[in-house]
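Student: what's the 3D shape of this:
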Amino acid sequence: MISPYGMEIVESCLTCKLRADRSFCDLPPTALQAFEDIKYATAYPQKAVLFVEGQLPRGIFVLCKGRVKLSINSPSGRTVIVKLVEPGEVLGMSATISGKPYQVTAETIDPCQVNFVKRDDFLRFLKDDVEACFKVAEQLSEKYHNACKEAGSLGLSHSAAEKLAKLLLEWSLKNGESHKAEPRLKLRLTHEEIAQMIGTSRETVTRLFAEMKKRQIVRSSGSTLVIRNTAALRGIANHN
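Tutor: Residues are numbered from 1 along each chain as shown. Next up, the predicted model:
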């Protein structure tokens with residue numbers, strides 16, 4: 001089925017060909033059927049808000065296609081992007097289980113397909129299925145591990161240049177491009193959004209990209225960023 005946003009919607013988890021590659025989705029047949037019975041498949045356009053920081057939890061959102069950014073806002077109005085969510089991840093899980101408000105705002109970067117499950121239905125699903133509980137425990141443990149890793153990587157960097165270099169190298173690794181001579185990254189975030197990820201200003205990000213291009217470390221081709229000198233980028237990332 002094709003959605004209004006040009007995406008092919010996978011209506012049933014039972015027939016999804018990508019399920020085996022995604023930890024939460026790879027459930028035993030009985031549990032998968034139970035999940036199928038309680039989820040609602042929905043398509044969202046770009047820049048749609050799934051939930052807002054401080055909102056009481058309505059349930060979980062399993063991202064099937066597209067990407068979502070998670071952000072928090074300070075009392076002064078400053079926005080920090082804490083994570084870019086990839087397909088297969090579950091959003092709002094800790095809030096749904098604890099009953100406490102969502103700690104972040106979730107907004108789509110691309111057109112997305114999301115499977116939504118109401119909070120009461122999800123809690124009942126976990127209570128009735130041990131395997132599903134283990135999957136949730138795995139996801140929560142992984143989220144905690146990744147959060148600590150990212151906080152250490154970006155939070156302990158001494159400069160915006162280091163943080164930006166580490167972010168680009170991380171994206172290259174996640175996209176399976178790190179082994180290539182000239183890794184290519186599809187940049188779908190604005191300089192403002194990248195600045196929100198590394199805790200600096202848009203002007204600083206624009207200046208850093210200009211400096212990297214001048215030093216022939218990166219080059220742009222439309223929305224694609226080509227890393228021409230990975231060793232030099234690692235040198236910036238590891239500078240103390």
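Student: how near is the most centrally placed residue in the chain to E36?
Tutor: In the chain, the residue lying closest to the centroid (Cα atoms, centre = their mean) is V85, at 1.4 Å. Remark: distance between V85 and E36 (Cβ to Cβ, to the nearest Å) = 22 Å. Where C-beta positions appear, they are placed from N, C-alpha and C, glycine not excepted.
Student: you'd agree the residue nearest to the centre of the chain is up against M93?
Tutor: No: checked against Cβ atoms under 8 Å, the pair V85 and M93 is beyond contact range at 11.6 Å.
Student: Buried ones in stretch 103-114, by neighbour count?
Tutor: V104, T105, A106, E107, T108, I109, P111, C112, Q113, V114 (16 or more other Cβ atoms under 10 Å).
Student: ok, the fifth one - contacts?
Tutor: Taking Cβ atoms under 8 Å, 6 or more residues apart in numbering as the criterion, T108 is in contact with Y44, P45, Q46, K47, A48, L50, G66, R67, V68.
Student: Please pick the buried ones from those residues.
Tutor: Y44, A48, L50, G66, R67, V68.
Student: related to what we said a few turns ago, ok, the contacts of T108 vs F134, which is closest?
Tutor: F134 has its nearest neighbour among these in V68, at 24.5 Å by Cβ to Cβ.
Student: quick one: average pLDDT of the helix or strand where R234 lies?
Tutor: Assignment of secondary structure by DSSP states H and E places R234 within helix 230-237. Helix 230-237 shows an average pLDDT of 92 in the prediction.
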